[in-house]
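>>> Okay, structure incoming, though there's no sequence with it:
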C-alpha cells in the first residue's frame, strides 16, 4: 500500500481529484486529497496571509499529524507550487513527487513569470475567473455533464498564492525521485517550463494527449502514470 497526497490547483479543491482518488483507493492505496486553506469548501475562511508558503506548511503538517511516510505527492497546475513548498518542509516524509501538468517555480519566481493569464476577477483577497470563462476555456474539453459538475465547484483563490514570488531555500538543491507529466493539449504551464523541471529534477517524463485537467478528462491514464 502506498500513501498518496493529491494537491489541487487554483480555483479548485480536493473535489477535482475524485476520479483519480477513487481509482487509487480501489487499488488498495491510502489517499488524501485535501482542500487548501481558503479554497472550495474552505473558501469562507479566506483572509490575509494565505499564500504558497502557508499552503505548503499546511500540507507538511498534514504529513506530520497523520504520521505519513514515504508519501507520493501529486500536484497539478498551481498545486505544483504548493507541493514544492511542502516537500521542502517535510523532506524525510517524501517518497516521490509527481508534477501533473504542474508549475515548478524556482526560488524568487512568481506565477506571472511563467504563465500569461487572461484578465481575472480580483478582490482584495482573492482572484478568479468568470463562469463563462470556466466553461468556455478552462473546462471546454470536458464532456458537458462533467464540465457543468466541475464548473459548479469553482471558487476564487487566495490572491497572494497567485501573485507572490516563491520562497524555496533548499528544494532545488536537494535530490528527489520525481515524475513530470506534460498534457499535450494544455497551453499552461508551457512545455518548456515543464521540461526545465524534469531536467533539474532528473525526473521521468510522461505525456498525455489531453488538456490541463487530466484528473477529470483522462483519469485512467493519469492514475496509471502516478502508479508507475
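Okay, I see it. None of these values were measured; they are calculated from a predicted model.
>>> how far does stretch 95-113 sit from the chain's center?
The chain centre lies 9 Å from the centre of stretch 95-113; the measure is Cα atoms, centre = their mean, to the nearest Å.
>>> One more: stretch 6-25?
With Cα atoms, centre = their mean, you get 9 Å for stretch 6-25.
>>> so after the longest strand belonging to the chain, what's the next helix or strand?
Taking DSSP state E as the criterion, the chain has its longest strand at strand 94-102. Where DSSP states H and E defines the elements, the next helix or strand beyond strand 94-102 is helix 111-114.
>>> partners of the longest strand of the chain, with directions?
Sheet pairing of strand 94-102 (DSSP bridges) gives strand 71-77 (parallel), strand 178-183 (parallel).
>>> Where is the longest helix in the chain?
Assignment by DSSP state H gives helix 52-65 as the longest helix of the chain.
>>> which residues sit against it?
5, 7, 32, 34, 36-37, 68, 71, 73, 81-86, 88-90, 93, 161, 164, 166-167 (Cβ atoms under 8 Å, 6 or more residues apart in numbering). C-beta here means a position set from N, CA and C on the backbone, and glycine is covered the same way.
>>> Stretch 209-226 now?
4, 6, 16-17, 19-20, 23-24, 72, 74, 76-77, 98, 100-101, 138-142, 146, 150, 179, 181, 183-188, 206, 208.
>>> Can you give me the pLDDT of the residue nearest to residue 174 when sequence neighbours are not counted?
Among residues not flanking residue 174 along the chain, residue 91 sits closest, at 6.5 Å (Cβ to Cβ, 6 or more residues apart in numbering). Looking at residue 91, its pLDDT stands at 97.
>>> repeat for the one 10 residues further on
If you check residue 101, the pLDDT there is 98.
>>> In contact with it, which residues?
Neighbour list for residue 101: 76-77, 181-183, 186, 189, 194, 212, 214 [criterion: Cβ under 8 Å, 6+ apart].
>>> list the buried ones in stretch 12-30?
Buried residues in stretch 12-30, counted by 16 or more other Cβ atoms under 10 Å: 12-21, 23-24, 29.
>>> same question, stretch 88-96
Within stretch 88-96, the residues scored as buried using 16+ other Cβ under 10 Å are 88-90, 93-94, 96.
>>> just stretch 166-173 next, same as before
166, 168, 171-172.
>>> would you list the residues you listed in TSV and tack on secondary structure?
Below are the buried residues of stretch 166-173 laid out as TSV (DSSP: H, G, I helix; E, B strand; the rest coil):
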residue	secondary structure
166	coil
168	coil
171	helix
172	helix
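>>> What distance do you get for residue 142 to residue 79?
19 Å (Cβ to Cβ, to the nearest Å).
>>> By mean pLDDT, flag the weakest helix or strand of the chain.
Least confident element among the helices and strands of the chain, by mean pLDDT, DSSP states H and E: helix 131-133 (a mean of 83).
>>> Contacts for that helix next, please.
For helix 131-133, using Cβ under 8 Å, 6+ apart, the contacting residues are 118, 151, 154.
>>> Would you verify that the last one is located in a helix?
Spelled out, that is residue 154. No - looking at residue 154 with three-state DSSP, it is coil, so not inside a helix.
>>> quick one: low-confidence parts of this protein?
Within the chain, the segments meeting pLDDT under 70 span 119.
>>> how far out from the middle of the chain is stretch 104-121?
Relative to the mean C-alpha coordinate of its chain, stretch 104-121 is positioned 14 Å out (Cα atoms, centre = their mean).
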